[in-house]
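*Asks:* below are the sequence and a predicted model; questions follow.
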2 protein chains.
Amino acid sequence: MGRKNAFYAQSGGVTAVINATAAGVIEAARENTASIGKLYAGLNGIVGALQEELVDTSKESLSAIKALKHTPGGAFGSCRYKMKDYDESPAEYERLINVFKAHNIGYFFYNGGGDSADTCLKVSQISEKMGYPIQAIHIPKTIDNDLPLTDCSPGFGSVAKYVATSTREASLDIASMCASSTKVFILEVMGRHAGWIAASGGLAAEKAGDPPHIILFPEIPFSREIFIAKVEQTIQDKGYCVVVASEGTQYSDGAHISGSLNRDAFGHQQLGGVAPTLASMIKQSTGHKYHWALADYLQRSARHIASKTDVDQAYAVGRAAIDLAVQGKSSVMVSIERGSGKNYSWSLGEASLIKVANMEKKMPRSFITKDGFGITQKAREYLQPLVEGEDYPPYKNGLPDYVQLKKIMVPKKLASDFES
Amino acid sequence: MGRKNAFYAQSGGVTAVINATAAGVIEAARENTASIGKLYAGLNGIVGALQEELVDTSKESLSAIKALKHTPGGAFGSCRYKMKDYDESPAEYERLINVFKAHNIGYFFYNGGGDSADTCLKVSQISEKMGYPIQAIHIPKTIDNDLPLTDCSPGFGSVAKYVATSTREASLDIASMCASSTKVFILEVMGRHAGWIAASGGLAAEKAGDPPHIILFPEIPFSREIFIAKVEQTIQDKGYCVVVASEGTQYSDGAHISGSLNRDAFGHQQLGGVAPTLASMIKQSTGHKYHWALADYLQRSARHIASKTDVDQAYAVGRAAIDLAVQGKSSVMVSIERGSGKNYSWSLGEASLIKVANMEKKMPRSFITKDGFGITQKAREYLQPLVEGEDYPPYKNGLPDYVQLKKIMVPKKLASDFES
């Protein structure tokens, strides 16, 4: 198909390892110059393509690209921007194709979660419709681990390691304090629709009865009465209670529990979230002293405690995307496949994008204990290998030494700016 | 003075490295059997002494004690319990002396912050008053770094490393997202009265203009107007704004800003804290999308990213306490002294407890920039060596492998239980 240039973009919430994927894409592209010309990265995701803001990755040094493997965040910028359907917004797609034409781009690598898979599929379809050939390949990334047709998603293993480690550490803290002070600790974690991240907190327990004592999943309807009773029972049995709560914890009618209790003095819904709401319930019902933490961005940017398995997979899916492109593939997602042996092994495969786009993989009920508050052995066996291995970044002056790219822009060729 | 037994207890909020101090005390005591008999640890701090609940540390293996050096939390349990003055509560002191007499305890090692220094001093004074000789030695520990007469306090360096690393990592995250999404990130950190921990977030910046863009210290009166203006200006200049806020951030009249805005539906003061309060102000004044994190216990238990300098100092102050005891010292605190050379060095000294007790060391004004929102070069030079060096715990199944002690109790000798 000749030497077309390639476009790579990062999409949606970033992770501790999405830049390892970028490194894989860039390094493999540089090794395949027979097929792939220049590799341009979208500044701030797909928005960079629409606005013709393209970073010339060839201007970045080998060492800078290598350092991406240990640098969190999105080195080229990401975006929260979902392309509309073609019928709703044809101008947007025409603009995209025009930018790709202007820069001789024939490969489209989109690195993101479910929404991005959908965008990637649309780009592929539109390229056919508009008669400009583009090989669109989706590279999985989401801390939520909710992409279908892949055993796991790069980004998840590192969040899981962070959450499990933090839960174990904070549990030792509260265990020391509970005799005369704090009796309940709540850690709120991400995962609005699927409980994978909350589940990973369960790895903190080495044996039955170890903290965390309660995990709240979006998949299990929340009952205040049952929750409070479980907290009370745990404090009676253990002296303290550790809760890992998904931000997506909800009542049986689908109403999120966060913000359900409180309004501020201005009548706005309270900003708190699940942890302070649960803390408030506990205080009102039991009077126990509590602490709570909200990890927020810390959990998904914590490259200092990334899972080596996750880093390796993130890098590998990037390289594999280039391989698939060179093989002439399009409308596919790189997938991670788990070996069937007793010891964990993984390899890469591919999945048809039409089956991936806009589907969410939730926690199977068999991964959650009968009472809805814990993870089963089956879940543990699934989760544990994903947090395996350490891959420390280099340190300088006592802190992780992360790289900032030069981000030299490709000169624009089109006259007008596009207002996305 | 013959072979008296020794008592060691952990007090107040625990840290990532207080067990390293315990390891130092126990190992050094075992090397000084000519002077020191058995070493008993109070179960849950001083409460363990009052209730005659003593852990026999001689029953713990060498390897378990060694593993304390990399295990966070308080291995023997801590407490929030402040002894009253003797005149107010003579029975409490009499009980303490009776327990010490019953177990032939002549050494009192108390490992804590300012309140504990005060307790340690009182024990020393009461032993004289009651004619039962006890050498009372205070071993510094506080993440707040607010103990006087020591260059720093064990526990602080590791929190500082955690906060600086987390700030750097979350800043890379928001920098990737800000073009189309979140524009403000707020990290709330501990330090109710002194801004040392908040200040450590400033280490995340490698050069002027790097995030964090705003640090809020308890020492600097908060003004909503000036804060919002600074946030707006930063977003204009940088595209996003990262804030590290001390939980002790307060108005000029001393009122804490947390809880000042909101009440819940039941009329209780909102549970949030500083970060959600700031987020609410920003939302109301500017409409920008924000994220916030509250590290809470995670910051002080994060042994996985402890500072090697801190671990070394924590272990060393434990050993030094035994040395001072063997030398016959009493009513002193082990102190850390900074060398005067250009390169950081430290050694141990001692400070009179009467000068230490109940004093708080706040951030000097010269450590805070003129506008009140950042740290100066002087602060940077003070803080940086304290986060230097990594000291990773061992990992097992992808998670830090922390030790749990057997905690075999010394048989009680006194008839009645004491109600503290």
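*Replies:* Cool, the structure landed.
*Asks:* how close does residue A:220 get to residue A:369?
*Replies:* Computed as C-beta to C-beta, to the nearest Å, the residue A:220 to residue A:369 distance reads 10 Å. Quick note: C-beta positions are derived from backbone N, CA and C, even for glycine.
*Asks:* same check on residue A:72?
*Replies:* Counting by C-beta to C-beta - residue A:72 and residue A:369 are separated by 33 Å.
*Asks:* neighbour count winner among the two?
*Replies:* Counted by other C-beta atoms under 10 Å in any protein chain shown, residue A:72 and residue A:369 do not tie: residue A:72 has more neighbours, with 30 against 15.
*Asks:* tell me, how many residues neighbour residue A:155?
*Replies:* When counting by other C-beta under 10 Å, one arrives at 30 neighbours for residue A:155.
*Asks:* then residue A:349?
*Replies:* Residue A:349: 15 surrounding residues under other C-beta under 10 Å.
*Asks:* what pairs with it across the strands?
*Replies:* Counting by DSSP bridges, residue A:349 forms beta bridges with residue A:335.
*Asks:* how much space separates it from chain B?
*Replies:* Here the criterion is C-beta to the nearest C-beta, to the nearest Å. By it, residue A:349 lies 24 Å from chain B.
*Asks:* who's in contact with that residue?
*Replies:* Residue A:349 makes contact with A:334-337, according to C-beta atoms under 8 Å, 6 or more residues apart in numbering or on different chains.
*Asks:* between those, which sits nearest chain B?
*Replies:* Nearest to chain B, judged by C-beta to the nearest C-beta, of the contacts of residue A:349 is residue A:336 at 16.9 Å.
*Asks:* now do the contacts for that closest one.
*Replies:* Contacts were defined as C-beta under 8 Å, 6+ apart; by that measure residue A:336 touches A:140, A:150-154, A:313, A:317, A:346-349.
*Asks:* if you look at those, which of them are in helices?
*Replies:* Per DSSP state H, helices hold the following members of these: A:313, A:317.
*Asks:* okay if I get the contacts of residue A:336 as CSV plus pLDDT?
*Replies:* Output for those, formatted as CSV (pLDDT from 0 to 100):
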residue, pLDDT
A:140, 98
A:150, 98
A:151, 98
A:152, 98
A:153, 98
A:154, 98
A:313, 98
A:317, 98
A:346, 98
A:347, 98
A:348, 98
A:349, 98
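*Asks:* in the stretch 251-400 of chain A, what residue spans correspond to helices?
*Replies:* In the stretch 251-400 of chain A, the helices defined using DSSP state H, counting those that start in this stretch lie at A:274-286, A:297-301, A:308-326, A:353-356, A:377-383.
*Asks:* point out the most buried one among the ones you listed.
*Replies:* When you average the neighbours per residue for each of the helices of the stretch 251-400 of chain A (mean count of other C-beta atoms under 10 Å in any protein chain shown), helix A:297-301 leads with a mean of 28.
*Asks:* which residue ranges of the stretch 201-350 of chain A form strands?
*Replies:* With DSSP state E, counting those that start in this stretch as the definition, the stretch 201-350 of chain A shows strands at residue ranges A:214-216, A:241-246, A:262-264, A:290-294, A:332-338, A:346-352.
*Asks:* the second one and chain B in contact?
*Replies:* No. Among the residues of strand A:241-246, none lie within reach of chain B under C-beta under 8 Å from any C-beta of the partner chain; the closest is 9.9 Å away.
*Asks:* in that strand, what counts as buried?
*Replies:* Buried positions in strand A:241-246, judged by neighbour count with 16 or more other C-beta atoms under 10 Å in any protein chain shown: A:241-246.
*Asks:* got the angle for the lengthiest helix in chain A vs strand A:241-246?
*Replies:* Determined from DSSP H, the single longest helix within chain A is helix A:156-177. Direction vectors for helix A:156-177 and strand A:241-246, defined by axes from the mean of the first three to the mean of the last three C-alpha atoms, to 10 degrees, enclose an angle of 160 degrees.
*Asks:* mind giving me the packing neighbours of helix A:156-177?
*Replies:* Packing partners of helix A:156-177 (3 or more C-beta pairs under 8 Å, 6 or more residues apart in numbering or on different chains; DSSP states H and E): strand A:184-189, helix A:196-201, strand A:241-246, strand A:290-294, helix A:297-301, helix A:308-326, helix B:297-301, strand B:399-400.
*Asks:* what's in contact with the first one?
*Replies:* So the one you mean is strand A:184-189. Residues beyond strand A:184-189 that count as contacts (C-beta under 8 Å, 6+ apart) turn out to be A:159, A:163, A:166-167, A:170-171, A:173-174, A:197-198, A:201, A:212, A:231, A:235, A:240-247, A:273-275, A:278-279, A:282, A:288-295, A:299, B:297-298.
*Asks:* and the helices and strands packed on helix A:156-177: which comes nearest residue B:113?
*Replies:* In terms of C-beta to C-beta, the element of these nearest to residue B:113 is helix B:297-301, at 12.0 Å.
*Asks:* returning to what we had before: okay, the buried residues of strand A:241-246 in CSV with distance to residue A:100 and pLDDT next?
*Replies:* Formatted as CSV, the entries for the buried residues of strand A:241-246 read as follows, by distance: C-beta to C-beta, whole Å; pLDDT from 0 to 100:
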residue, distance to residue A:100, pLDDT
A:241, 55, 98
A:242, 51, 98
A:243, 49, 98
A:244, 44, 98
A:245, 44, 98
A:246, 39, 96
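*Asks:* re the thing from before, in TSV: the helices of the stretch 251-400 of chain A, plus distance to chain B.
*Replies:* Compiled in TSV, those are given as follows (distance: least, C-beta to the nearest C-beta, whole Å):
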stretch	distance to chain B
helix A:274-286	4
helix A:297-301	4
helix A:308-326	8
helix A:353-356	23
helix A:377-383	9
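*Asks:* JSON lines for these, including distance to residue A:187?
*Replies:* Rendered in JSON lines, the data for these read as follows (distance: least, C-beta to C-beta, whole Å):
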{"stretch": "helix A:274-286", "distance to residue A:187": "7"}
{"stretch": "helix A:297-301", "distance to residue A:187": "9"}
{"stretch": "helix A:308-326", "distance to residue A:187": "20"}
{"stretch": "helix A:353-356", "distance to residue A:187": "31"}
{"stretch": "helix A:377-383", "distance to residue A:187": "16"}
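*Asks:* for the helix or strand hosting residue A:91, buried residues please.
*Replies:* Taking DSSP states H and E as the criterion, residue A:91 maps to helix A:90-102. Residues of helix A:90-102 classed as buried by neighbour count (16+ other C-beta under 10 Å): A:92-93, A:95-100.
*Asks:* Throw these into a markdown table and include distance to chain B and pLDDT, thanks.
*Replies:* A markdown table is the format used below for those (distance: C-beta to the nearest C-beta, whole Å; pLDDT from 0 to 100):
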| residue | distance to chain B | pLDDT |
| --- | --- | --- |
| A:92 | 14 | 91 |
| A:93 | 19 | 91 |
| A:95 | 16 | 94 |
| A:96 | 16 | 94 |
| A:97 | 21 | 95 |
| A:98 | 21 | 95 |
| A:99 | 17 | 97 |
| A:100 | 21 | 97 |
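*Asks:* got a list of what residue A:196 touches?
*Replies:* Contacts of residue A:196 by C-beta under 8 Å, 6+ apart are A:144-146, A:156, A:160, A:363.
*Asks:* repeat that for residue A:57.
*Replies:* A:8, A:26, A:29, A:38-41, A:65.
*Asks:* could you do residue A:384 as well?
*Replies:* Under the criterion of C-beta under 8 Å, 6+ apart, the contact list for residue A:384 reads A:203, B:397-398.
*Asks:* the domain parsing of chain A - what is it?
*Replies:* Here the domain assignment for chain A is A:4-142+A:306-359+A:389-400, A:156-301, based on automatic domain parsing.
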